[in-house]
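Participant: Next come a sequence and a model predicted from it.
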Amino acid sequence: MASHVDHWLALARHTPLALLLDLDGTLIPFASTPGEARPSPELLTFLAKVAAAPGVTCAVVSGRPRSSLEEMFASVPELRLVAEHGAWRKGSGAWHPAAQVEVSALDELEQLFAPLLAAHAGSFVERKSASVCAHYRCVPAAEREAFLVGATALVERWLESHPSFDILDVVEAIEVRARHVNKGISLEWVRERAGVGVRCIALGDDVTDEDMFAVLGPGDDAILVGPGRRRSTLARWRLSDPPAVSDFLRWILAARQEGSGPDHALPVAMATYSRPRAGTSSERPRLLAISNRLPHLRERAEPSDKRNRNVGGLVSALEPVLAERHGLWLGWSGKSTPTAQASAVRTDAETSPSLAWIDLPEAWQGKYYNGLCNRGLWPLFHSFPGRVRFADDEWEAYVQANEAFAAAAGELVDPDAAIWAHDYHVLLVATALRRRGHRGPLGLFLHIPFPGADLFEMLPWAGQILDGLLDFDLVGFHTPGFAANFRECVSRFTPGQVGDDVVLHRGRRTRVQVFPIGIMPEGFQEPAEPATAADVAALVSSLGATRLVLGVDRLDYTKGIPERLLAFERLLRLFPEWRGKVSLVQVSVPSRADVPEYAEQRQIIETAVGRINGEYGESHWVPVRYLYRSYTRNHLALLYRTADVGYVTPLRDGMNLVAKEFVAAQDPTNPGVLLLSRFAGAAVELHEALLTNPYHADGMARDLDRALRMPAPERRGRHSALLETVSRTTALTWATDFVTALESVR
Ligand code: GDG
């Protein structure tokens, strides 16, 4: 116990010190109606003393409406007040709103309660700015269950079409509130008022206080107020009831008195009922990666296709980083459940890295994955507004899928573990994790571009997505341009304060940083296996050309494959001397085939290939060989090495790893030329590539001609500079840099 007292003495004597005190159930006991539960005159006098103590900032953080707090604490102007679970705050002057809320949605919900209120005497609805609270503490005991069942059903139906709200199980009431308004957002506000180096103590009794506990820093502490083992909590300490809270505050004041110490015992006990989980803390992972798909189940590789397992740069990069930190990787199995819920989380520790996965309801495949992700966010973020299509039910499925990932994560790691989320499928996972009480560092890396503000504004849920991103502690992008777009969107569409590499929003500090992803170059420098060598030799001889131009992509409209074919066709027309001498091999890996735009893209490509071969082909020469399939890495590496030109011309791309793989695979004594779209993220780093504009067929044809004619010394010079870049910033440095930044965010 002595060490507990030392801990509390150190904290109590710290300056500045902030006390965040919930009201009902913490400072005062519950009564039959909120109106009857009030602080006594003695308590008010005592709170005035606490709030006036030098170096102490004292805030009452309550779910009550402003008017109620205003009236109760009128005699204690030194107290800071937070009303309606964080929606309003009052410092030394007037009340200020903390966030915007869809008021009309709450009006609608309030009206839906009317028949239920009429049927159950004693029930009433309390309307707040960011929530609607249906109280049943005065409903006769025999009717309470009926009221609860009716109210829960009503709210759950309403929530199906209002995913930005959630339901709170508060004491003797059901409260529906805007997700982004919670007591956690008041912490940063109080901190700012208390001053640099502040340590906080938060006290509360119900689930809404967990939001406050969740955002406490390492020097802070939380105390749950209540009689016994009622529920799981993030608080390490416990106080039995409101009188014990007053005793505790008295003890704190006494500890701060110079020369003397507390004259009564510390009433705080170590909580014995923290979050129940399987395994001991030391066995549970300290780092969790979350991505939609798991490495060996990615779109380009079926689970049964062993050739393609674990070949990607992401896997090779994360594997050592996760292993070193006892990490785990969570994703969607790609399989569906027949129910409306995600499956329980399953794990496989035999793989490296260890994997965990959930199955998602069948309906979500179309709505969340093919819908919002691949027909909404993907084209929008890649600046293809004409292909964007949004639907409310898809957004709802997206919110639910993010909830499901957060719920699974909560099963797998402790609330203080670091979590690294990947890509546009899980942009809301931090919000869901925070709500569930996660307080460890949360990071997101976006593998695709971040669009400019004019495009981003097309997203009907732009505000929610930005709020979701700003619930992470660290957000990473491939290029400074994407990071700048993000900052621009934040400053245009949120009240957040935007700095060079930091955003302050709703009491959270989010670091915005650039981490260009790389590859593991060694994997593309291994000698070809004999069967691979024979296969590639046969392919080359079947073409009948001496020069080879190579394209390798997932079949996706962002990759600009039709534009690439068109430019190759223009090469044959503008520079007829190349006819019979150069062939284009285009490898297109099947992808998202059940999304109509992708099936259509395949048609367009096959038609163009047929047209070019029909017009230019000879019995001894095939202008374009189109391979709609995937290859092993060893096979790809030899194709890269054999090619004279790496034809990497996406219309827009986050990075483009094929460009880097092509560089890594070249023979340095006789390297091929990388012809790279200036709209790939890779163009920011790979300056020595020949940069081209895929929207300009004639220009790209001329660049292709230049690449094919480039003299060996120039090719070698460009390649050695490119190889230096590709070898310096690898997949491993990328993952290590991100995780190191993530672990040090707070
Ligand atoms: C997203 C972003 C960003 C291709 N064919 C085969 C095969 N591949 C591999 C390549 C490469 C990967 O697929 C493709 O990566 P990209 O970076 O080019 O593109 P996306 O799939 O769109 O990836 C992108 C990336 O995330 C990482 O952040 O660079 O901008 O869009 O590694 O080698 N792999 C195998 N067989 C094939 O036939 N095994």
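Facilitator: Received, thanks.
Participant: contacting residues around the nearest residue in space to R509 that is not next to it in sequence?
Facilitator: What sits nearest to R509 in space, not counting adjacent residues and going by CB to CB, 6 or more residues apart in numbering, is V502, at 5.9 Å. For every residue, glycine as well, the C-beta is placed using N, CA and C. With contact set as CB atoms under 8 Å, 6 or more residues apart in numbering, V502 has these partners: 509-512.
Participant: V502 pairs with what?
Facilitator: Taking DSSP bridges as the rule, V502 bridges to R511.
Participant: Not including adjacent chain positions, what is the nearest residue to S333?
Facilitator: W357 (4.2 Å).
Participant: re earlier: in a markdown table: the contacts of V502, plus pLDDT, neighbour count and distance to R625.
Facilitator: Output for the contacts of V502, formatted as a markdown table (pLDDT from 0 to 100; neighbours: other CB atoms under 10 Å; distance: CB to CB, whole Å):
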| residue | pLDDT | neighbour count | distance to R625 |
| --- | --- | --- | --- |
| R509 | 94 | 16 | 53 |
| T510 | 97 | 26 | 47 |
| R511 | 97 | 18 | 47 |
| V512 | 98 | 23 | 43 |
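Participant: From the residues you listed, pick the one nearest R564.
Facilitator: Checking the contacts of V502 against R564 with CB to CB, the nearest one is V512 at 33.1 Å.
Participant: which one of the contacts of V502 sits closest to the ligand?
Facilitator: The ligand lies nearest to V512 out of the contacts of V502, by CB to the nearest ligand atom, at 17.2 Å.
Participant: on that earlier part again, from what I see, the residue nearest to S333 and W332 are in contact.
Facilitator: Yes - using CB atoms under 8 Å, W357 is in contact with W332, at 6.6 Å.
Participant: what is in contact with those two at once?
Facilitator: L294.
Participant: Who has more neighbours out of these two?
Facilitator: Taking other CB atoms under 10 Å, W357 and W332 do not tie; W332 has more neighbours (27 against 21).
Participant: For the more buried one, identify the helix or strand it belongs to.
Facilitator: Using DSSP states H and E, W332 sits within strand 328-337.
Participant: right, and the helix or strand after that strand?
Facilitator: Where DSSP H and E defines the elements, the next helix or strand beyond strand 328-337 is strand 346-348.
Participant: what separates the next helix or strand after that following strand from the chain centre, distance-wise?
Facilitator: Going down the chain from strand 346-348, the next helix or strand is strand 354-361, by DSSP H and E. Remark: strand 354-361 is offset 17 Å from the chain centroid, using CA atoms, centre = their mean, to the nearest Å.
Participant: Quick one: list the elements packing against strand 354-361.
Facilitator: Here strand 354-361 touches strand 328-337, strand 346-348, helix 392-412, going by 3 or more CB pairs under 8 Å, 6 or more residues apart in numbering; DSSP states H and E.
Participant: Lowest average confidence across the ones you listed, which one?
Facilitator: Mean pLDDT per stretch puts strand 346-348 lowest among these, at a mean of 83.
Participant: Identify each buried residue in that one, please.
Facilitator: T347 (16 or more other CB atoms under 10 Å).
Participant: Up against the ligand, what does the chain have?
Facilitator: 300, 308, 311-313, 447-448, 517, 552, 554, 587, 589, 630-633, 636, 653-658, 661, 681 (CB under 6 Å from any ligand atom).
Participant: switch the cut-off to 5 Å
Facilitator: 308, 311, 447, 517, 554, 589, 630-631, 653-658 (CB under 5 Å from any ligand atom).
Participant: Secondary structure, pLDDT and neighbour count added to the residues you listed, as JSON lines?
Facilitator: Below are these laid out as JSON lines (DSSP: H, G, I helix; E, B strand; the rest coil; pLDDT from 0 to 100; neighbours: other CB atoms under 10 Å):
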{"residue": "N308", "secondary structure": "helix", "pLDDT": "36", "neighbour count": "20"}
{"residue": "V311", "secondary structure": "coil", "pLDDT": "40", "neighbour count": "20"}
{"residue": "H447", "secondary structure": "coil", "pLDDT": "95", "neighbour count": "19"}
{"residue": "I517", "secondary structure": "coil", "pLDDT": "94", "neighbour count": "25"}
{"residue": "R554", "secondary structure": "strand", "pLDDT": "89", "neighbour count": "19"}
{"residue": "V589", "secondary structure": "strand", "pLDDT": "85", "neighbour count": "19"}
{"residue": "S630", "secondary structure": "coil", "pLDDT": "82", "neighbour count": "21"}
{"residue": "Y631", "secondary structure": "coil", "pLDDT": "86", "neighbour count": "20"}
{"residue": "D653", "secondary structure": "strand", "pLDDT": "97", "neighbour count": "28"}
{"residue": "G654", "secondary structure": "coil", "pLDDT": "96", "neighbour count": "26"}
{"residue": "M655", "secondary structure": "coil", "pLDDT": "96", "neighbour count": "26"}
{"residue": "N656", "secondary structure": "coil", "pLDDT": "95", "neighbour count": "26"}
{"residue": "L657", "secondary structure": "helix", "pLDDT": "94", "neighbour count": "21"}
{"residue": "V658", "secondary structure": "helix", "pLDDT": "96", "neighbour count": "27"}
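Participant: Can you name the residues in contact with stretch 326-335?
Facilitator: By CB under 8 Å, 6+ apart, the residues outside stretch 326-335 that reach it are 285-295, 297, 303, 318, 321-322, 345, 347, 353-360, 369, 401, 405, 408-409, 412-413.
Participant: Oops, could you answer that again for stretch 673-683 instead?
Facilitator: Contacts for stretch 673-683 (CB under 8 Å, 6+ apart): 449, 478-479, 482, 516, 560, 644-657, 659-660, 662-663, 686, 689-694, 700, 703-704, 707-708, 710, 715, 718, 722.
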